[in-house]
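> okay, predicted coordinates and the sequence, questions at the end:
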Amino acid sequence: MKRPGFLILLVCFCLVGCSQSARSRSAKSFDEIRALVVGKTEAEVKKLLGDPDHREKLLFGDERWTWWNYTYLGGNDWAPEVRDMVVHLEITFAGPLTATAGTDESSQWRVSEPYGVGFTFPGAGVDGQSQSLNKNARNSI
């Protein structure tokens with residue numbers, strides 16, 4: 001005895017499960033997150049967004065945090081071919097010019113400005129290098 005309803009339901013569950021990987025983890029768009037974290041410290045960003053998936057020390061002592069498949073490019077400010085695409089969120093923190101003894105280090109590091117919040121497209125790079133696009137720095141692409 002065949003059950004076409006069961007088969008259709010099973011296919012729907014499979015499709016929903018597969019599409020989960022293409023969704024962002026945040027309900028907020030990239031632009032909303034950028035406005036939310038501007039000027040915040042590492043501790044404040046961690047409280048707002050949670051632990052990053054990856055931390056990277058940069059050449060001059062700054063640090064970049066990455067949340068994979070975390071947000072999307074929402075709104076009409078983005079080109080139609082990238083609008084609503086899920087992206088990796090990248091936030092760069094700059095340390096204080098002088099270290100203060102006896103303070104919590106994460107309260108001293110702040111989101112680097114003006115280009116401290118950016119993103120990369122998942123799988124967009126060649127040989128492991130992703131291309132970064134920030135609408136404030138589009139002329140570099």
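Looks like it arrived, so ask away. Computed from a predicted model, the values in this text were never measured in an experiment. Residues are numbered from 1 along each chain as shown.
> any stretches of this structure with poor pLDDT?
1-22, 97-107, 124-141 (pLDDT under 70).
> strands of that one, residue ranges please.
For the chain, the strands defined by DSSP state E occupy 54-57, 63-72, 86-94, 110-111, 117-120.
> redo those as CSV? Include distance to residue 28 and mean neighbour count.
Bear in mind the C-beta positions are built from the backbone N, C-alpha and C, glycine included. Shown next, in CSV, are the strands of the chain (distance: least, C-beta to C-beta, whole Å; neighbours: other C-beta atoms under 10 Å):
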stretch, distance to residue 28, mean neighbour count
strand 54-57, 20, 11
strand 63-72, 6, 20
strand 86-94, 10, 22
strand 110-111, 16, 20
strand 117-120, 12, 22
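> ok, which of these comes nearest residue 46?
Nearest of the strands of the chain to residue 46, taken as C-beta to C-beta: strand 63-72 at 8.5 Å.
> using PDB, write out every CA atom in the closest one.
Only the C-alpha atoms of strand 63-72 are listed here, as PDB (Å, rounded to 0.1, in the frame of the first residue of the first chain):
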ATOM      1  CA  GLU A  63      42.300  41.000  16.100                       C
ATOM      2  CA  ARG A  64      39.600  39.800  13.600                       C
ATOM      3  CA  TRP A  65      36.700  37.800  14.800                       C
ATOM      4  CA  THR A  66      34.600  35.800  12.300                       C
ATOM      5  CA  TRP A  67      31.100  34.300  12.600                       C
ATOM      6  CA  TRP A  68      30.400  31.900   9.700                       C
ATOM      7  CA  ASN A  69      27.100  32.100   7.800                       C
ATOM      8  CA  TYR A  70      26.000  34.600  10.500                       C
ATOM      9  CA  THR A  71      24.100  37.300   8.700                       C
ATOM     10  CA  TYR A  72      22.700  38.400   5.300                       C
END
